[in-house]
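*Asks:* Below: sequence and its predicted model.
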Amino acid sequence: MFGRGSAAIIVFNPLAVPNLTVRTFLFQLGVVTGLWIGLFALNGWLFDRLAFSEQVSWIFLPAALRMIAVLLAGWVGALGIFLGSVATSIYLLGLNDPDYILIVGGISALAPTAALLLCARFWGTQLNLAGLSATHLLLLSTVSAGFTAVMHNAYFVFLGTVDAVASSTGAMFVGDLIGTLIVLYGAKWLLYWLVPKSVTGAV
């Protein structure tokens, strides 16, 4: 908060993690990283035949974790996404191209963070998983998928690894959006039944 009296301005930071201890930090980081690896493996097992290319799938479940992790754990969630992406990239590619691994991991963490910060300018302190309406979830998922698709494919174009950039961007957008909505609406449904309606608010 800045200023005094009626002129005070309250700054809302959706990435802040209040009362964070070392134990909580390590727990949240480990959970997010582990969930990313697990969802990545599950996605490969379930939707391997829906791959558009080596980098893009028509359904990508880990995309949902990007949004959930940042919503629930702020910057710690974003760091967990980065580490999980780095781990899965090392599994697939080895250590032959560390620059690619680190940049792709950074984009995976930065895209949902940018989407969250953008939406926070309009929705303010209501920006959390329990307080978001179905419409807000859809909009947030769409913005996050858009940021992810554009940022990743911009990097792929820079590397010269993608030819049909519009098709690749569109496929990644659709895959991330579908994967995000599958998991986000599942989580929203669970919260609706597990958390009192006075806390979750209207859906």
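*Replies:* Received it, and whenever you're ready, just let me know what you need. Numbers count the residues shown, from 1 in each chain.

*Asks:* Could you use CA atoms for every contact and neighbour count after this?
*Replies:* Fine.

*Asks:* Now do Ser141, the pLDDT please.
*Replies:* We have a pLDDT of 82 for Ser141.

*Asks:* Dihedrals phi and psi, the residue nearest to the spatial centre of the chain?
*Replies:* By CA atoms, centre = their mean, the chain has its centre lying nearest to Arg66, at 1.7 Å. Backbone torsions of Arg66, given as degrees, to the nearest 10, read phi -50, psi -50.

*Asks:* That one and Ser108 touch, don't they?
*Replies:* Yes - using CA atoms under 8 Å, Arg66 is in contact with Ser108, at 7.4 Å.

*Asks:* Give the residues shared as contacts by those two.
*Replies:* Counting by CA atoms under 8 Å, 6 or more residues apart in numbering, the common neighbours of Arg66 and Ser108 are Ile81.

*Asks:* any idea how far Gly77 is from the nearest residue to the residue nearest to the centre of the chain once chain neighbours are set aside?
*Replies:* Nearest non-adjacent residue to Arg66, counting by CA to CA, 6 or more residues apart in numbering: Pro112, 6.0 Å away. According to CA to CA, to the nearest Å, Pro112 and Gly77 sit 10 Å apart.

*Asks:* Need the overlap of contacts for the two.
*Replies:* Contacts common to Pro112 and Gly77, judged by CA under 8 Å, 6+ apart, are 66, 70.

*Asks:* Sweet, I'm off.
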